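**Student:** give the three-dimensional model of this entry:
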Amino acid sequence: MNLHAIKAIYVYEMKRFFRTIFESLLSPVISTTLYFVVFGAAIGSRIEEVEGVSYGAFIVPGLIMLSVMTQAISNASFGIYFPKFIGTIFELLSAPINFFEIVLGYVGAAATKSLLIGGVILITAGFFVDLDIQHPVMMLVFLLMICISFALFGFIIGIWSENFQQLQLIPLLVITPLVFLGGAFYSVSMLPEGWQTVTLFNPVVYLISGFRWSFFGVADVSVGLSLAAIGIFFALCLGIVWWIFKTGYRIKS
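**Tutor:** Prediction:
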């Protein structure tokens, strides 16, 4: 394994993040504060508890998931799309480095960035509500798996995209609605029975449910199903990335 190449890609991507670190970290802090003002204060004044958890605390895992998923996709997609856009990806493909090492560098950097942002949101949330994480190890496991899986998904989007508008198409029109409809700010059990069944077809439900369980010990679906859903999504993304480099889809002239 070419560790020097992986390090070069990873460090380059992280330097791009740290050049705008103030804006990168300030944005989730402001967004989290606004969510607590709108959802925590306005809705929380009417819904005091959900499954024995104060509403303000209940929405924290959903807030973290919303930001982590979108940030992982955004960073990974832009990271690989920009070399395509300016043509330097051909230098990368001709270098003595295989596809796994390329993916490891870009996806590792994107996952690290989203993980840092998730940590910032968690710290910010601690100023608004009391958080007692019941399963901290599993919380880290869920967070790492989701960061890596969605960074891989973002890498695929970056390869697929042919312009900057397409980079934001799936995060805005697919991922964000799925998070909002996936129990980020409510429990699936609060829905009518028919809608509960429909909601279970939303894959994001399983991710948010497992992550919320690691905080409060309550979940809409079993933890095993949540872990299986993340594992399947990760394997599917990895398989697509392998196929992209095997066929040269949209990366070779």
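**Student:** in the helix or strand of the chain at the bottom of the mean pLDDT ranking, what's buried?
**Tutor:** When each helix and strand of the chain is scored by mean pLDDT, DSSP states H and E, helix 21-35 comes last, with a mean of 80. Of the residues in helix 21-35, 24-25, 28, 32, 35 count as buried by neighbour count, 16 or more other Cβ atoms under 10 Å. No exception for glycine: its C-beta is placed from N, CA and C like everyone else's.
**Student:** so where's the chain uncertain?
**Tutor:** 40-41, 44-45, 253 (pLDDT under 70).
**Student:** that one: helices as residue ranges?
**Tutor:** Under the criterion DSSP state H, the chain contains helices at 3-19, 21-35, 55-58, 60-86, 89-94, 99-126, 136-160, 164-170, 176-180, 193-199, 203-216, 223-247.
**Student:** dump those to TSV, plus distance to Arg46.
**Tutor:** Formatted as TSV, those follow (distance: least, Cβ to Cβ, whole Å):
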stretch	distance to Arg46
helix 3-19	39
helix 21-35	16
helix 55-58	9
helix 60-86	18
helix 89-94	52
helix 99-126	20
helix 136-160	28
helix 164-170	34
helix 176-180	19
helix 193-199	20
helix 203-216	20
helix 223-247	29
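**Student:** hang on, the earlier thing: who touches the least confident helix or strand of the chain?
**Tutor:** 17, 59, 63, 67, 71, 113, 116-117, 120-121, 124-125, 128 (Cβ atoms under 8 Å, 6 or more residues apart in numbering).
**Student:** cool, stretch 79-94 as well?
**Tutor:** 13, 16, 102, 106, 109-110, 155, 158-159, 161, 164, 167, 250-253.
**Student:** that stretch: end-to-end distance?
**Tutor:** End-to-end distance of stretch 79-94 (Cα to Cα, to the nearest Å): 18 Å.
**Student:** give the buried residues for that stretch.
**Tutor:** 79-81, 83-84, 89, 92.
**Student:** what's the closest of those residues to Leu236?
**Tutor:** Checking the buried residues of stretch 79-94 against Leu236 by Cβ to Cβ gives Ile80 as the nearest, at 18.1 Å.
**Student:** CA atoms of the least confident helix or strand of the chain as PDB?
**Tutor:** What follows is helix 21-35, C-alpha atoms only, in PDB (Å, rounded to 0.1, in the frame of the first residue of the first chain):
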ATOM      1  CA  ILE A  21     -12.200  26.300   9.300                       C
ATOM      2  CA  PHE A  22     -13.900  29.300  10.900                       C
ATOM      3  CA  GLU A  23     -16.700  29.300   8.300                       C
ATOM      4  CA  SER A  24     -16.800  25.500   8.300                       C
ATOM      5  CA  LEU A  25     -17.300  25.200  12.000                       C
ATOM      6  CA  LEU A  26     -19.300  28.400  12.500                       C
ATOM      7  CA  SER A  27     -22.100  27.300  10.100                       C
ATOM      8  CA  PRO A  28     -23.100  24.100  12.000                       C
ATOM      9  CA  VAL A  29     -23.000  26.100  15.300                       C
ATOM     10  CA  ILE A  30     -25.400  28.700  13.900                       C
ATOM     11  CA  SER A  31     -27.600  26.000  12.300                       C
ATOM     12  CA  THR A  32     -27.800  24.000  15.500                       C
ATOM     13  CA  THR A  33     -28.700  27.100  17.500                       C
ATOM     14  CA  LEU A  34     -31.500  28.000  15.100                       C
ATOM     15  CA  TYR A  35     -32.900  24.400  15.200                       C
END
